[in-house]
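Engineer: model the following, please.
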Amino acid sequence: MRLHISLDDELVEELDRRVGTRRRSSFIAETLRRALDDERRWADIEAGLGALAGEEHEWDTDPAAWVRAQRRSDPTRVG
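Structural biologist: The predicted structure follows:
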C-alpha cells in the first residue's frame, strides 16, 4: 500500500546517508514494525500492572530460597 507522509529535510538527508535513497521504504517499514512491536509490548506490560497483589507472596520471606526451590523443581534444568 502506498502512503504519503511528510518528513523534515534533515531527517530525510540522514536517512539517505544511512541507507540510501533506494532503501528508504524498506528501512522505514522495518523501523515502524519494531516501534509498533515495542508499543504492543508496553501495552501488555501496562495491562499486567497490578495483576499481582503487593504482598503475601510465597517468596516474600526468603526470595533466594524460593528461587532455589523453583530451580530444583524444574526437571529440565541442567546443573
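
Engineer: residues making contact with stretch 13-22?
Structural biologist: The contact list for stretch 13-22, computed with CB atoms under 8 Å, 6 or more residues apart in numbering, reads 7, 24, 27-28. C-beta coordinates here come from the backbone N, C-alpha and C atoms, glycine included.

Engineer: for it, buried residues please.
Structural biologist: 15, 19 (16 or more other CB atoms under 10 Å).

Engineer: off-centre distance for that stretch?
Structural biologist: 26 Å (CA atoms, centre = their mean, to the nearest Å).

Engineer: which one of the contacts of stretch 13-22 is nearest Val67?
Structural biologist: Phe27 (42.3 Å; CB to CB).

Engineer: may I see the buried residues of the lengthiest helix in the chain?
Structural biologist: Using DSSP state H, we find that the single longest helix of the chain is helix 24-48. By 16+ other CB under 10 Å, helix 24-48 has no buried positions at all.

Engineer: center of this structure - which residue?
Structural biologist: Nearest to the geometric centre of the chain sits Asp38, at 4.4 Å (CA atoms, centre = their mean).

Engineer: quick one: that one from Gln70, how far?
Structural biologist: To Gln70, Asp38 is 29 Å away according to CB to CB, to the nearest Å.

Engineer: Thr61 now?
Structural biologist: Distance, Thr61 to Gln70, by CB to CB: 15 Å.

Engineer: more neighbours, these two?
Structural biologist: Using other CB atoms under 10 Å, the more surrounded residue of Thr61 and Gln70 is Gln70, with 11 against 8.
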